[in-house]
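Undergrad: how would this look folded up:
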Amino acid sequence: MSSPASRAQEEEQVEGHLRVCLHIDTESKTDSDPDFELTTDSPSEPLLSEVAARLTFRTSSPALLANVLYGFSDNRGDHGEFIGMQLILDARDAFVRKANDDDNMQEDVPNDGDNMQEDGPNDDDNMQEDGPNDNGKLQEDESDDNDDDLRGDESDDDDDLRVDEPDDNERVRHAKAQVSENIDWLSLQLEPPSLTFSVCDFLSNLFHLNLSRVLPSCSHPKHQGQTLGALLKHAKMNFNYFVKVDEFAAIENRYLPAAMAWSAALLCPNNQLGIDALTLFTYDDSSTIHPHNIGAILWQFTNTSRSTVTVDHSLFDIMDPIKLGILARGDPLIPVICIVLALGAKTEHSLRRPRAVSDPFKFTSFDFWCSGIKSDVLKPVQSQDEAVWQAILAASRPWEELYSSATQPAGRKTLSSQNPLAAMNEDFFSSFFDFEH
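TA: Predicted structure coming up:
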């Protein structure tokens with residue numbers, strides 16, 4: 001049963017063609033509630049998604065996301081999937097924004113051509129690190145003990161479950177207040193820019209590091225010794241939004257051409273084994289959309305505060321494109337990219353590559369573990385917006401809001417003690433158990 005407020009929002013969105021009405025329950029009308037119960041949905045629509053992308057050109061994308069998550073009765077997710085999708089879309093939108101700049105549709109930015117150029121002097125053929133900062137290094141996972149490789153601000157308190165401090169909440173409120181002021185609704189440019197971009201361009205807009213010289217984490221015999229840039233030099237992408245599918249099998253190979261033709265990335269159903277989302281690309285230089293020519297970037301999102309720079313190899317073990325049906329047995333060999341965004345890491349932030357498998361493998365995969373939401377690792381994250389991103393991360397853990405409503409530590413401890421065993425903080429055990437004895 002929807003609330004009157006959410007019902008009014010649904011009706012307004014249906015009237016404005018932003019949602020569709022799937023069912024009207026005529027039996028739900030009662031004397032106390034004279035309205036019929038509606039079942040509505042928001043179907044995929046690439047054109048509206050492109051308009052939404054243009055809004056991020058005029059204001060902060062995390063501010064827009066915070067406005068939706070905190071201002072509407074929408075599901076905020078439970079493992080950081082909205083943050084992960086926003087980062088992916090921001091990396092895609094960076095290319096479109098650059099294409100707009102090239103066509104003098106936005107601010108005047110000098111450029112030598114229509115192709116997406118990487119920031120700075122890095123060359124696609126050279127594995128460069130973005131400046132001398134150690135926080136930007138791509139780490140090899142060579143042992144289970146990574147204490148010497150930790151990167152980031154070590155001053156945070158790991159025992160504090162709260163991510164959004166009061167100043168973060170104030171930052172969110174301020175950002176939300178600025179959203180409408182920063183959007184010039186009447187001057188949005190709707191002329192179609194170039195919407196197709198390479199996999200390497202996409203990755204260069206997501207991470208500060210140039211990944212083109214990285215070798216596979218596991219490799220089919222035909223691909224051994226070849227870099228990401230060499231194997232995916234012709235791979236092209238085109239998406240501008242995510243569609244959440246309802247059936248596990250909807251991510252199998254035979255259905256992927258339709259998703260790519262509809263400019264869609266896919267958010268997997270709840271409890272999908274192995275992955276949370278996938279973005280698609282055509283593999284060979286023909287750019288033909290066909291089941292035998294489609295590869296994927298496989299994504300997992302985690303928001304647990306226990307995330308660190310230490311790679312959890314078990315997550316990559318289950319990101320198997322053959323078992324998931326994304327690659328069909330006997331089809332032409334197409335590499336995949338597997339990325340885990342460990343968004344909840346609080347004290348460390350880096351981009352790491354799991355230890356490579358030296359023996360020949362049944363498929364080729366480039367694996368990356370990204371911890372934290374930091375501006376020196378992720379290009380879409382601006383340093384001035386880090387607090388907003390952290391507040392959005394907190395929104396994906398709604399259970400914490402109940403306990404963080406108490407402003408003093410003693411109050412939070414008292415609230416937590418009333419719900420024993422609910423979380424890992426010792427406050428949830430304080431009424432009956434002492435970990436020190």
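
Undergrad: List the contacts of the residue lying closest to Lys244 once chain neighbours are set aside.
TA: Take Lys244 and drop its neighbours on the chain: the residue closest to it by CB to CB, 6 or more residues apart in numbering is Leu267, 4.2 Å away. Just so you know, the C-beta spots here come from the backbone N, C-alpha and C atoms, and that holds for glycine as well. Shown in contact with Leu267 (CB atoms under 8 Å, 6 or more residues apart in numbering): 81, 85, 242-245, 276-277.

Undergrad: What residues are bridge-paired with Leu267?
TA: According to DSSP bridges, the partner residues bridging Leu267 are Lys244, Ala277.

Undergrad: List the strands paired with the strand ranked longest in the chain, with their directions.
TA: As far as residue count goes, and with DSSP state E defining each element, the longest strand of the chain is strand 294-302. When sheet partners are counted by DSSP bridges, strand 294-302 sits next to strand 277-282 (antiparallel), strand 336-342 (parallel).

Undergrad: Excluding sequence neighbours, find me the nearest residue to Glu247.
TA: With CB to CB, 6+ apart, the residue lying closest to Glu247 is Pro269, at 6.6 Å.

Undergrad: follow-up on the earlier one: adding distance to Arg58, pLDDT and neighbour count, write the contacts of Leu267 out as CSV.
TA: Compiled in CSV, the contacts of Leu267 are given as follows (distance: CB to CB, whole Å; pLDDT from 0 to 100; neighbours: other CB atoms under 10 Å):
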residue, distance to Arg58, pLDDT, neighbour count
Glu81, 25, 90, 26
Met85, 20, 94, 22
Phe242, 22, 93, 22
Val243, 25, 92, 18
Lys244, 27, 90, 15
Val245, 31, 90, 17
Asp276, 29, 94, 23
Ala277, 26, 96, 24
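
Undergrad: could those go into TSV alongside distance to Ile289?
TA: Listed next are those as TSV, based on distance: CB to CB, whole Å:
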residue	distance to Ile289
Glu81	26
Met85	22
Phe242	18
Val243	16
Lys244	21
Val245	18
Asp276	24
Ala277	19
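
Undergrad: Run a quick neighbour tally on the residue nearest to Glu247.
TA: 15 (other CB atoms under 10 Å).

Undergrad: Same check on Arg7?
TA: Other residues near Arg7 number 18, with proximity taken as other CB under 10 Å.

Undergrad: now the one 3 residues further on
TA: Under the neighbour criterion other CB under 10 Å, Glu10 is assigned a count of 20.

Undergrad: low-confidence ranges in the stretch 51-200 of the chain?
TA: Segments of the stretch 51-200 of the chain classed as low confidence (criterion: pLDDT under 70) are 70-78, 100-193.

Undergrad: wait, doesn't Asp385 sit right on Leu65?
TA: No. Here Asp385 lies out of contact with Leu65, judged by CB atoms under 8 Å, at a distance of 10.5 Å.

Undergrad: which residues do those two both contact?
TA: Common neighbours of Asp385 and Leu65, using CB under 8 Å, 6+ apart, do not exist here.

Undergrad: What distance do you get for the residue nearest to Ser42 when sequence neighbours are not counted to Arg7?
TA: Closest residue to Ser42 apart from its sequence neighbours, by CB to CB, 6+ apart: Arg19 at 5.1 Å. Between Arg19 and Arg7 the distance is 12 Å, computed by CB to CB, to the nearest Å.

Undergrad: Wait, Val199 touches Asn238, no?
TA: No. Under the criterion of CB under 8 Å, Val199 is not in contact with Asn238, lying 11.3 Å apart.

Undergrad: Compare the two and say which is more crowded by neighbours.
TA: Neighbours were counted for Val199 and for Asn238 using other CB under 10 Å; Val199 has more, 26 against 22.

Undergrad: what's the nearest residue to the more buried one if we skip its chain neighbours?
TA: Ala235 (4.1 Å).

Undergrad: what's the angle between the longest helix seen in the chain and strand 294-302?
TA: Longest helix of the chain, by residue count under DSSP state H: helix 81-102. Angular relation of helix 81-102 and strand 294-302 on a 0 to 180 degree scale: 130 degrees, by axes from the mean of the first three to the mean of the last three CA atoms, to 10 degrees.

Undergrad: Please name the residues that touch the residue nearest to Ser42.
TA: Taking CB under 8 Å, 6+ apart, we find Arg19 in contact with 10, 13, 40-42.

Undergrad: just the helices in this structure please.
TA: Remark: helices assigned in the chain by DSSP H are 4-15, 46-58, 61-71, 81-102, 166-182, 199-206, 228-231, 256-261, 313-317, 386-395, 399-404, 409-417.
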